[in-house]
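Novice: please work out how this folds:
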Amino acid sequence: MAKRDVWVRVGDDLVRGDTIVGVAVSDPPYDWETFKIMLKVTGHRDHLWLDSGVCDDGQGAGREQVNALADAFVDTLARGAAMPSGALIRFGSGEDDSGWVLSSLG
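Specialist: From the prediction side, this is the model:
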């Protein structure tokens with residue numbers, strides 16, 4: 001199987017998808033803080049953090065929502081790797097594109 005170029009935008013960083021070796025979700029210490037999605041990336045000393053925009057609602061729905069976002073990231077990464085021209089993945093923060101946005105490189 002050919003190796004595809006999949007790039008992931010995390011804040012100011014742009015990393016290759018094949019260098020991501022772990023995905024986790026933070027536990028915010030306060031209800032008003034948002035959950036963060038942490039990416040462990042080969043070659044980066046520190047983890048890369050992405051603000052999910054989801055707050056803890058005290059009922060568990062916030063945790064479920066951010067876990068679904070982390071799962072969706074893995075799915076989007078796999079779909080990007082299957083694209084023949086490669087892909088760019090970014091987290092959409094607007095109302096029209098909330099969640100993971102997958103764009104073709106070709």
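Novice: and the spatially most central residue of the chain, what does it touch?
Specialist: The residue at the geometric middle of the chain, judged as the C-alpha nearest the mean C-alpha position with CA atoms, centre = their mean, is F73 (4.8 Å). Under the criterion of CB atoms under 8 Å, 6 or more residues apart in numbering, the neighbours of F73 are 23, 37, 89, 100. C-beta here means a position set from N, CA and C on the backbone, and glycine is covered the same way.
Novice: D5 too?
Specialist: If a contact means CB under 8 Å, 6+ apart, then D5 has 16, 86-87, 105 as its contacts.
Novice: equivalent analysis for V15, please.
Specialist: Taking CB under 8 Å, 6+ apart, we find V15 in contact with 7-8, 39, 41, 44, 48.
Novice: just the element for it, please.
Specialist: Remark: V15 resides in strand 13-16, with elements defined by DSSP states H and E.
Novice: show me which residues of the very next helix or strand once past that strand are buried.
Specialist: Towards the C-terminus, the helix or strand next in line after strand 13-16, according to DSSP H and E, is strand 20-25. Applying a neighbour-count criterion of 16 or more other CB atoms under 10 Å, the buried positions in strand 20-25 are 20, 23, 25.
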